[in-house]
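>>> When you get a sec, could you give me coordinates for this:
(2 chains)
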Number of protein chains: 2
Amino acid sequence: MSATDELVRNNDAYTFRYRERNLHAAPRRRVAVLACMDARIDVHRVLGLAEGDAHVIRNAGGQATDDAIRSLAISQRRMGTTEIVLMHHTDCGMAHFTEAELNEEVRAATGREPPFRWGAVTSVEADLRETIARVRSSPFIPNRDQVRGFVLDLESGRLRELVV
Amino acid sequence: MSATDELVRNNDAYTFRYRERNLHAAPRRRVAVLACMDARIDVHRVLGLAEGDAHVIRNAGGQATDDAIRSLAISQRRMGTTEIVLMHHTDCGMAHFTEAELNEEVRAATGREPPFRWGAVTSVEADLRETIARVRSSPFIPNRDQVRGFVLDLESGRLRELVV
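Now for the predicted structure:
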């Protein structure tokens, strides 16, 4: 049995009924979260979110790529969110390789160059600082006065705010 | 108190300790999930995922944008995942606007054109079909024989596989 089959079987036991809870697409707490895809992070548990509360956007590194900006802009312009939580974390895999290494590996395997930067980072804090700056300076995101950045400590499960 | 302050306060009560659980960055189930950011979806609950099990990538629509391909490629090339679960859902907000509408709104508000398509869709199923095709044809993702797509029914909480 594949892992995917196991997850589908898990879903058989999932009985949450959205309509009974009267949940709407517009996030109740009017927040969008942008976090890293790291397997150890369950964003809902870390932030105490329930279904219906917040948009959750995740990618490798929790970075403010064009695609993350797209999602944040849609969240605000179509779904009425006004606050943004940016979540990086300790021990992030994005600090364990360089652009050149991964480009070389991919070139050797495929003969091609990707149409994106991989987003390798040297410092999670510095990358979070850049992520905050990119979101705060994006003209496509209308509400930018409540954009806050946090590092999740994977030792303790606690958030530490990066005040910039 | 802002919504963000409430989430930070929720985190004060979060006591999960990653090290005690002996969790590693490499996903235990060797799966990466790409899902929509919709506020009603708690991916961990829908799929019965625990911390450490899977990478979770999310954006507006759960689409296979370049950034999602980047995250999936890093997941497989650096963290050893081999299966991909693509999750779209019923009642998706991406079907409630057009590219032209949102472009016009943004142009009026900012005087600028975004460097991305918004990803408006006319049919969630058709978009999932395209998402599956894009992932399966990406040379940057090495393992593409276990790429499966599902529509989450927000009435029932159940997944329906789109077999293509």
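
>>> what's the closest non-adjacent residue to A:Cys92?
A:Val124 (5.2 Å; CB to CB, 6 or more residues apart in numbering or on different chains). Backbone N, C-alpha and C define where each C-beta goes, glycine included.

>>> Number of residues surrounding that neighbour?
21 (other CB atoms under 10 Å in any protein chain shown).

>>> Could you do A:Asp145 as well?
8.

>>> Just want the phi and psi numbers for it.
phi -90, psi -10 (degrees, to the nearest 10).

>>> residues contacting it?
Listed by CB atoms under 8 Å, 6 or more residues apart in numbering or on different chains, A:Asp145 has no contact partners.

>>> follow-up on the earlier one: doesn't A:Gly93 make contact with the residue nearest to A:Cys92?
No - applying CB atoms under 8 Å as the test, A:Val124 and A:Gly93 come out as separate, 10.6 Å apart.

>>> Can you tell me the element A:Leu86 falls in?
When secondary structure is defined by DSSP states H and E, A:Leu86 falls within strand A:83-89.

>>> I'd like to know which elements that strand is packed against.
For strand A:83-89, the packing partners by 3 or more CB pairs under 8 Å, 6 or more residues apart in numbering or on different chains; DSSP states H and E come out as strand A:31-36, helix A:43-47, helix A:124-136, strand A:147-153, helix B:3-12.

>>> what do you get if the cut-off is 10 Å, keeping everything else the same?
For strand A:83-89, the packing partners by 3 or more CB pairs under 10 Å, 6 or more residues apart in numbering or on different chains; DSSP states H and E come out as strand A:31-36, helix A:43-47, strand A:54-59, helix A:66-79, helix A:124-136, strand A:147-153, strand A:158-162, helix B:3-12.

>>> Among the ones you listed, which comes closest to A:Thr98?
Closest to A:Thr98 of the helices and strands packed on strand A:83-89, according to CB to CB: helix A:124-136, at 13.7 Å.

>>> could you say what helices and strands the closest one packs with?
strand A:31-36, helix A:66-79, strand A:83-89, strand A:147-153, strand A:158-162.

>>> does any bit of the second one sit next to chain B?
So that's helix A:66-79. Yes - Helix A:66-79 is in contact with chain B by CB under 10 Å from any CB of the partner chain, via A:66-75, A:77-79.

>>> Just the angle for that helix relative to strand A:83-89, thanks.
Using axes from the mean of the first three to the mean of the last three CA atoms, to 10 degrees, the direction of helix A:66-79 lies 150 degrees away from that of strand A:83-89.

>>> Run the chain-centre distance for helix A:66-79.
Computed by CA atoms, centre = their mean, to the nearest Å, the chain-centroid distance of helix A:66-79 equals 12 Å.

>>> tell me what that helix is packed against?
strand A:31-36, strand A:54-59, strand A:83-89, helix A:124-136, strand B:54-59, helix B:66-79, helix B:99-110.

>>> mind giving me TSV with the ones you listed and columns for distance to A:Val8 and mean pLDDT?
Converted to TSV, the helices and strands packed on helix A:66-79 look like this (distance: least, CB to CB, whole Å; pLDDT from 0 to 100):
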stretch	distance to A:Val8	mean pLDDT
strand A:31-36	25	98
strand A:54-59	21	98
strand A:83-89	28	98
helix A:124-136	34	98
strand B:54-59	13	98
helix B:66-79	19	98
helix B:99-110	33	96
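
>>> and A:Arg112, which of those is closest to it?
Smallest distance to A:Arg112 across the helices and strands packed on helix A:66-79 (CB to CB): 11.5 Å, for helix B:66-79.

>>> Between strand B:54-59 and the closest one, find me the angle.
Using the same axes, to 10 degrees: helix B:66-79 against strand B:54-59 is 170 degrees.

>>> Among the helices and strands packed on helix A:124-136, which comes closest to B:Glu113?
Ranking these by proximity to B:Glu113 (CB to CB) places helix A:66-79 first, at 12.5 Å.
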